[in-house]
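[1] Here is a sequence together with a model predicted from it:
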Amino acid sequence: MKHSSSCHALLRNPERLLNIMAPTIDAPQTVEWQGKKVPVWSMQTIDYALLLSQDPGEVDKVLKACLEDGYFYLDLQGLDGRRMLNDQQETLKLMHRFFEAPIEAKNEFGLISSHLGYEPVGSRTGAFPGAGTKDGYEMLKVSRDEIQRGSPKVPAVIKNSGDLEVLENTIGSCNTITKVILSALSTGMNLTGAARYENTHRNDRPSTTTLSMMHYLPSSVTGNKKIGHQKHTDISSLTLLFSEQWGLQIRPPGTCGAREMGFVAPKPGCAFVHVGDSLRFASGMKMQSCIHRVVPFNPTEDRYSIAYFLRAEDDTMFVDSEGRYVTAGQWHDEKFKAFTDPPLWQAMAPRSMILGGMQEAGEDDPQGEPEFLSAPVAVNEGAQEIALQA
Ligand SMILES: O=C(O)CCC(=O)C(=O)O
Ligand SMILES: [Fe+2]
């Protein structure tokens, strides 16, 4: 584990550490999960209506949240944001219909490319790789470029004109909102002209920007070998994430490395926003990339989440966390492969791949992993296995 020299000095003198840290760390809220008290981390709330007018105070606040934390709540309850909340509800209805369809219908085209198509449950590493788990969700991704061209390749079950309008509205709303945030961040970083972040996220240039719709299955269907979503940072520049249900956990960055995994509470009328690797790299590593995973908060429930990944144009160049010059497209493809690789291969890839070069110290789960991992679970034998075709 790497520490900066000041961290080492503090660790040799724990009393000084306490004195320094006491005023800056709030006592975390906690929640009981799997018989343990787990932190519930707080985050800043940014008002979308204020960002829309580049309110100077809100621009400072969103920049600070990205530089210090790498995540925030975005309050969408004003007039302009409410349209997105409506799109979210329409998308949820479409998701229910899609995920209830037979596997053959959902997998009509398979995974067409890494940012587009259907991924069945168990395609990637899961939330607790030490126990050899795979992920516990199925997912449908719709590409922004294809929606813009008016020719999205989506399975027939959700391809009537009403469905396509829902997808188009949601992708349009998410695109506008993430661009407003990006623009505020350019302003906050004093970027002008071509150097502004928006200029590497142009609508008419190819990118892997995508809308990802996820369904986490209850453990009665998946058993305890397919659980949640592995710890990672996002490939994106910004992620706009909607889930009304608990399950998302983050590791807040600390001066000596990330603190332990804790839940973040869904907040009515708000989305979660994560800074992803591309914006961290484009900011010269000044911004934090959000380390997060998803665990079954309530293993008996189906969980639904919607994530819009705003990504830089494919040929945007940046220096990654290993000091390599890479394009956004290359970073996307390499990291996607790492997500789907088995844990042993993942461990051989540079650390920067899965965590975008973010530093960690200590354990994800200092009190140990949850007990349900070793408890026998009755698996629904009818659950169909289907291989990922990429
Ligand atoms: O399902 C969630 O809440 C988060 C999903 C996620 O982290 C991702 O798709 O990158
Ligand atoms: Fe993520």
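    It's in. Ligands and ions are numbered 1, 2, ... in the order given.

[2] So what's the residue count around the closest residue to ligand 1 within the stretch 251-390 of the chain?
    Ligand 1 sits closest to Ser305 of the stretch 251-390 of the chain, with a gap of 3.4 Å, by Cβ to the nearest ligand atom. The way it works is simple: take the backbone N, C-alpha and C, and place the C-beta from them, glycine included. Ser305 sits with 24 neighbouring residues when counted by other Cβ atoms under 10 Å.

[3] Check whether it sits in a helix, strand or coil.
    Using DSSP: H, G, I helix; E, B strand; the rest coil, the secondary structure recorded for Ser305 is strand.

[4] Same check on the one 4 residues further on?
    Three-state call for Phe309 (three-state DSSP): strand.

[5] List the contacts of it.
    With contact set as Cβ atoms under 8 Å, 6 or more residues apart in numbering, Phe309 has these partners: 115, 208-210, 212, 234-236, 239, 276.

[6] Just the pLDDT for it.
    Among the per-residue scores, Phe309 holds a pLDDT of 98.

[7] ok, now which ones touch the nearest residue to it once chain neighbours are set aside?
    Closest residue to Phe309 in three dimensions, ignoring its sequence neighbours and counting by Cβ to Cβ, 6 or more residues apart in numbering: Ser236, at 3.9 Å. Contact criterion Cβ under 8 Å, 6+ apart gives 209, 274, 276-279, 309-311 as the residues in contact with Ser236.

[8] want to throw the residues you listed into JSON lines with distance to ligand 1?
    Rendered in JSON lines, the data for these read as follows (distance: Cβ to the nearest ligand atom, whole Å):
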{"residue": "Thr209", "distance to ligand 1": "14"}
{"residue": "His274", "distance to ligand 1": "8"}
{"residue": "Gly276", "distance to ligand 1": "9"}
{"residue": "Asp277", "distance to ligand 1": "11"}
{"residue": "Ser278", "distance to ligand 1": "13"}
{"residue": "Leu279", "distance to ligand 1": "15"}
{"residue": "Phe309", "distance to ligand 1": "7"}
{"residue": "Leu310", "distance to ligand 1": "13"}
{"residue": "Arg311", "distance to ligand 1": "12"}
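
[9] Of the residues you listed, which is the nearest to Gly228?
    For Gly228, the closest of those turns out to be His274, at 16.6 Å, with distances computed as Cβ to Cβ.

[10] what's in contact with whatever helix or strand the closest one lives in?
    Secondary structure from DSSP states H and E places His274 in strand 270-275. The list of residues contacting strand 270-275 from outside it, by Cβ under 8 Å, 6+ apart, reads 43, 45-46, 66, 70-77, 84, 177, 181, 233-234, 236-243, 248, 264, 287-290, 292.

[11] Following the chain past it, name the next helix or strand.
    Next in sequence after strand 270-275, counting helices and strands by DSSP H and E, comes helix 277-282.

[12] If you average the pLDDT over that following helix, what comes out?
    The predicted confidence, averaged over helix 277-282, sits at 97.

[13] Tell me which residues of stretch 46-65 come out buried.
    Neighbour-count burial for stretch 46-65 flags 46-48, 50-52, 58-59, 61-63, 65 (criterion: 16 or more other Cβ atoms under 10 Å).

[14] Tell me the confidence at the residue minimising distance to the centre of the chain?
    Central residue check for the chain by Cα atoms, centre = their mean: the C-alpha nearest the mean position is that of Asp234, 5.2 Å away. What the model reports as pLDDT for Asp234 is 97.

[15] my guess is it contacts Asp277, does it?
    Yes - between Asp234 and Asp277 there is a contact under Cβ atoms under 8 Å: 6.8 Å.

[16] which residues do these two both contact?
    In terms of Cβ under 8 Å, 6+ apart, Asp234 and Asp277 are both contacted by the residues Ser289.

[17] neighbours around the residue nearest to Asp277 when sequence neighbours are not counted, how many?
    Taking Cβ to Cβ, 6+ apart as the measure, Asp277 lies nearest to Gly356, with 3.8 Å between them; neighbours along the chain are not counted. By the criterion of other Cβ under 10 Å, Gly356 has 28 neighbours.

[18] One more: Gly35?
    Neighbours of Gly35 under the rule other Cβ under 10 Å: 9.

[19] same question, Arg149
    Arg149, neighbours per other Cβ under 10 Å, totals 9.

[20] Which SSE is immediately downstream of the worst-scoring helix or strand of the chain on mean pLDDT?
    Per-element confidence for the chain was summarised using mean pLDDT, DSSP states H and E. The lowest value among helices and strands belongs to helix 14-21, with a mean of 45. Towards the C-terminus, the helix or strand next in line after helix 14-21, according to DSSP H and E, is strand 29-33.

[21] Can you list the strands that that next one pairs with?
    Using DSSP bridges, the strands paired with strand 29-33 are strand 36-40 (antiparallel).

[22] And the strand it pairs with, what's buried?
    Along strand 36-40, the positions that meet the burial threshold by neighbour count (16+ other Cβ under 10 Å) are 38-40.
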